[in-house]
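# pasting the sequence and the predicted coordinates here, then a few questions.
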Amino acid sequence: MRAHPAGALHGQAGPLAPAWLQEPRDVNGLVPALWAQGVERGDDGALRVAGADVREIAEAHGTPAYVMDETDFRSRARAFAAAFAPADVFYAGKSFLCTTVARWLVEEGLGIDVSTGGELAVALAAGVPGEKLLLHGNNKSVAELRRAVAAGVGRIVVDSFEEIDRLAEVAREAGVQQAVLVRVTLGVEAHTHEFIATAHEDQKFGFSVSAGDAEEAVRRVLAAPALELRGLHSHIGSQIFDTSGFEIAARRLLSLHAKIQRDNGIVLPEADLGGGFGIAYTTADDPSTPQELAKGLREIVERECEQLDIAVPHLAVEPGRAIVGPTTFTLYEVGTVKQVALDAGARRQYVAVDGGMSDNIRTALYDASYSATLASRSSSAPPALSRIVGKHCESGDVVVKDEFLPADVQAGDLLAVPGTGAYCRSMASNYNAVPRPPVLAVRDGQVQVLLRRETDDDLLRLDPGAGPQGAA
Ligand SMILES: Cc1ncc(COP(=O)(O)O)c(C=O)c1O
Ligand SMILES: N[C@@H](CCCC[NH3+])C(=O)O
């Protein structure tokens, strides 16, 4: 059985549910936009991913587990590279990075944006050539800058006046001229959660254009012989659907780009427009394709450059979520189900799983919405409005705020939450000393462990007080 069309929904969900959530006609249906291409419900009712049965994956590797469809990952990466070519696509490593994924990205023609020494270490351990890397960060340490310069990182995006001085010194010491981009803050109000919007004025990233700091940063980079100014960088935020934010950003960035060229009598060969393209977490989300995004951006940039009478710079973009997010679902096992009485006789079904905010902090942190389905079987029970919660000692430990699950969901069932490839494993914690789940990639029915599950030994290894009896 293939995924059901997105239209398999009917009826309003009642006063407990958000306005966008409708009761599904078929509670076993999969909305294709939410799932990796290789996910389907098998004839026996259980989910399969790239030919592997989720029950067998759970049996062999345990739960919770992040399960990625490798072919889907590669095809999304390839689609971005192809749609944006000749622009460079730097995958945002913060969304999810491990050495195998880093190698796949290079094989598919992408570079990688890293934002700490740790992400840089992972990319280098994967054998990614320095010139395919771009380093971000609003407070890079001297050690991180030294490591990046020594590795021949292709672009370092400078973010503060102190950093310009530090990097100039580090590059001078190393006897190299380091290529840099200047991160600018364009005053764009991106329509996304406040914590993941990054181009409005009142925040920590970049140099303000309106205050004149961006031009001062450019002057200081130009005055440093060990630094080579390649262009400007902007990133307006994350999980953005409204393309007008990208349009305004591109226009403002290019007009500053033109002014800098005029005022300094130089040519800036590049412009980096960052990432932030939204994905579908629920049926309420309607993302653009890479082709639509690339075409839209290219048209704006070409039109703007013509009006400004400047050459079109070589472009770069930095998608993370839009590549890895939809490739992965989290597989959980249900432990308890409670029918909780609410006001006026209403009830909510609380379904507790064996993970929670330690493997997906986004619901608690950003009030993010997710979807879920019963994964180990299908059900003929009616849909029941449910809240999927974790096992942590917090009432805010919610994985999926509102979803229809079959009314007969019970302990031992497996649930799958799609769209967890980005910012879930990479933001996972050991809260309540819960070991972080593995990341498993599936291809042609075969499971490859990308990151293994943590164990109690891993947790105790950092604790010098744990005696030999510590981890039994
Ligand atoms: C500078 C920069 N580039 C790229 C990204 C990737 O964003 P996304 O995963 O939303 O595409 C981020 C994160 O928001 C970022 O801060
Ligand atoms: N961590 C954020 C993305 C933005 C972080 C990068 N600037 C999220 O989960 O949505």
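Done, it's in. Numbering: from 1, shown residues only. Ligands and ions are numbered 1, 2, ... in the order given.
# just the endpoints, please. Distance across stretch 104-115?
End-to-end span of stretch 104-115 (Cα to Cα, to the nearest Å): 19 Å.
# oh, that last question was meant for stretch 280-287, not what I typed.
Stretch 280-287 has an end-to-end distance of 6 Å (criterion: Cα to Cα).
# now that stretch: mean pLDDT?
Across stretch 280-287, the average pLDDT comes to 96.
# check stretch 373-380 too.
Taken as a whole, stretch 373-380 carries a mean pLDDT of 98.
# for stretch 56-67, same thing?
Mean pLDDT, stretch 56-67: 98.
# run the chain-centre distance for it.
The offset between the C-alpha centroid of stretch 56-67 and the centroid of the whole chain comes to 22 Å, using Cα atoms, centre = their mean, to the nearest Å.
# one more: stretch 70-89?
On the basis of Cα atoms, centre = their mean, stretch 70-89 sits 15 Å off its chain's mean C-alpha point.
# tell me the pLDDT of the closest residue to ligand 1 within the stretch 101-250 of the chain.
Ranking the residues of the stretch 101-250 of the chain by distance to ligand 1 (Cβ to the nearest ligand atom) places Ser238 first, at 3.3 Å. All C-beta atoms are positioned from the backbone trio N, CA, C, and that covers glycine. Here, the pLDDT recorded for Ser238 equals 90.
# and it, how close does it get to ligand 2?
Between Ser238 and ligand 2 the distance, using Cβ to the nearest ligand atom, to the nearest Å, works out to 4 Å.
# with Gly325 instead?
Applying Cβ to the nearest ligand atom, the value for Gly325 to ligand 2 is 9 Å.
# that residue looks like it's in a helix, true?
Yes: when classified by DSSP: H, G, I helix; E, B strand; the rest coil, Gly325 is found to be part of a helix.
# quick one: contacts for the closest residue to it other than its chain neighbours?
Nearest residue to Gly325, sequence neighbours excluded (Cβ to Cβ, 6 or more residues apart in numbering): Ala422, at 3.9 Å. With contacts defined as Cβ atoms under 8 Å, 6 or more residues apart in numbering, the neighbours of Ala422 are 95-96, 279, 320-321, 324-325.
# what helix or strand is Glu228 located in?
Secondary structure assignment for Glu228, by DSSP states H and E: strand 227-233.
# quick check: end-to-end length of stretch 378-387?
Terminal residues of stretch 378-387 are spaced 19 Å apart (Cα to Cα).
# which residues are contacting that stretch?
Contacts with stretch 378-387, where a contact means Cβ under 8 Å, 6+ apart, come from 13-14, 16-17, 23-24, 27-28, 41, 45-46, 348-351, 398, 400-409.
# is the helix ranked longest in the chain up against ligand 1 anywhere?
Counting residues, the longest helix in the chain under DSSP state H turns out to be helix 244-264. No: looking at helix 244-264 against ligand 1 by Cβ under 6 Å from any ligand atom, there are no contacts, and the closest approach is 11.4 Å.
# could you say what helices and strands that helix packs with?
Using 3 or more Cβ pairs under 8 Å, 6 or more residues apart in numbering; DSSP states H and E as the contact criterion, the elements in contact with helix 244-264 are helix 213-222, strand 227-233, strand 270-272, helix 290-308.
# in this structure, what residue lies closest to ligand 2?
Tyr423 (3.1 Å).
# now do the contacts for that residue.
Applying Cβ under 8 Å, 6+ apart, the residues near Tyr423 are 94-96, 320-321, 325, 362.
# would you say Glu189 is within a helix?
No: Glu189 sits outside any helix when classified using three-state DSSP, being coil.
# tell me the pLDDT at it?
For Glu189, pLDDT reads 71.
# now it: how far from Arg251?
Per Cβ to Cβ, to the nearest Å, Glu189 is found 15 Å from Arg251.
# of those two, give the one with the bigger neighbour count.
Arg251 (18 against 13; other Cβ atoms under 10 Å).
# and which of the contacts of Ala422 is nearest to Asp457?
Comparing these against Asp457 with Cβ to Cβ places Phe96 closest, at 24.0 Å.
# re the thing from before, the residue nearest to Gly325 sits in which helix or strand?
Applying DSSP H and E, one finds Ala422 in no helix or strand.
# show the backbone phi and psi for it.
Recorded main-chain torsions at Ala422 are phi -110, psi 140, according to degrees, to the nearest 10.
# gap between it and Val324?
Look at Ala422 and Val324: by Cβ to Cβ, they are 5 Å apart.
# so the residue of the stretch 101-250 of the chain closest to ligand 1 touches Ile279, yeah?
No: counting by Cβ atoms under 8 Å, Ser238 stays clear of Ile279, with 10.2 Å between them.
# and the two? Which one has more around it.
Just comparing Ser238 and Ile279: by other Cβ under 10 Å the higher neighbour count belongs to Ser238, 27 against 22.
# could you check how far the more buried one is from Gly276?
As judged by Cβ to Cβ, Ser238 and Gly276 stand 5 Å apart.
# any buried residues in the strand holding Glu228, and which?
By neighbour count on 16 or more other Cβ atoms under 10 Å, the buried set for strand 227-233 is 227, 229-233.
# and it, what does it pack onto?
Strand 227-233 packs on helix 161-174, strand 178-185, helix 213-222, helix 244-264, strand 270-272, going by 3+ Cβ pairs under 8 Å, 6+ apart.
# show residues contacting it.
Contacts of strand 227-233 with the rest of the structure, by Cβ under 8 Å, 6+ apart, involve 155, 157, 164, 167-168, 171, 177-184, 206, 214, 218, 221-222, 253, 256-257, 260, 266, 268-272, 274, 313.
# among those residues, name the buried ones.
Neighbour counting with 16+ other Cβ under 10 Å marks 155, 157, 164, 167-168, 171, 178-184, 206, 214, 218, 221, 253, 256-257, 260, 268, 270-272, 274, 313 as buried within the contacts of strand 227-233.
# do a quick rundown of the helices in the stretch 351-472 of the chain.
In order along the chain, the stretch 351-472 of the chain carries the following helices (DSSP state H, counting those that start in this stretch): 362-366, 456-461.
# the first one vs ligand 2: in contact?
What it means is helix 362-366. Yes: under the criterion of Cβ under 6 Å from any ligand atom, helix 362-366 makes contact with ligand 2 via 362, 366.
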